[in-house]
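*Asks:* next come a sequence and a model predicted from it.
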Amino acid sequence: MTRLGYVLASGAVMAIAVGCSSSDSNDNTPPKKTIAELAKCDESDIADDLPWSGVQIDANTGKLREPLPAGFVVATTVGWPTDEGRPVIQQKTIESIQISFTYPGLLAAKFGTSKHCGSGRSLSIWKDEASMMAWVIGKDHRAVMPLATTHTHGWETTHWSSPTNNELPSWDDARGKLDTARSGR
């Protein structure tokens, strides 16, 4: 079995993907799915484990308090933990969420899971790219990033700027942006 982990940090896409192929023809283990195959799963059951939260969100309505500032950045991740890796990923995700809300520039975030697909997703809104990158390359996030290659079937992420500053992105928006980023690789 081979693993491929890569990070494309020089543009709008940063990804960690795990791909496998079996070199043992006697191995009855089915080959692991690619990120593209995993991403095709119907996540219509996705549930918000943590709905939109953060300084930019009205706690009573779950909507924006005011339009987002010019230059804001939306980031999204999706991962498919292995059965064995799921408890570790869940615990580290809870810890990371708590820490991420202390980072300057995080305006809002939400987190969800699909039981049908075995996936976990995040959507976050940052004041600007510099704020987002401070989290991405910061020690707290860097400490958990290796888990994506050891405890999941695959993981990917991307970020983008949006001209619309008065609407929160949806899970469908996030999937579309990841599909576009993936097709450009």
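*Replies:* Received it, and whenever you're ready, just let me know what you need.

*Asks:* quick one: name whatever helix or strand follows the strand or helix carrying residue 107.
*Replies:* Element membership for residue 107 (DSSP states H and E) is strand 106-114. Moving toward the C-terminus from strand 106-114, the next helix or strand (DSSP H and E) is strand 119-126.

*Asks:* gap between that following strand and the chain center?
*Replies:* Its chain's average C-alpha position is 5 Å from that of strand 119-126, according to C-alpha atoms, centre = their mean, to the nearest Å.

*Asks:* and it, which strands flank it?
*Replies:* Using DSSP bridges, strand 119-126 pairs in its sheet with strand 73-81 (antiparallel), strand 106-114 (antiparallel).

*Asks:* avg pLDDT for that strand?
*Replies:* Averaging pLDDT along strand 119-126 yields 96.

*Asks:* list the contacts of that strand.
*Replies:* 38, 41, 43, 46, 54, 56, 68, 72-81, 89, 93, 100, 105-114, 132, 135, 168-169, 171, 174 (C-beta atoms under 8 Å, 6 or more residues apart in numbering). All C-beta atoms are positioned from the backbone trio N, CA, C, and that covers glycine.

*Asks:* which is the next helix or strand following that strand?
*Replies:* Past strand 119-126, the next helix or strand by DSSP H and E is helix 129-136.

*Asks:* alright, that wraps it up for me.
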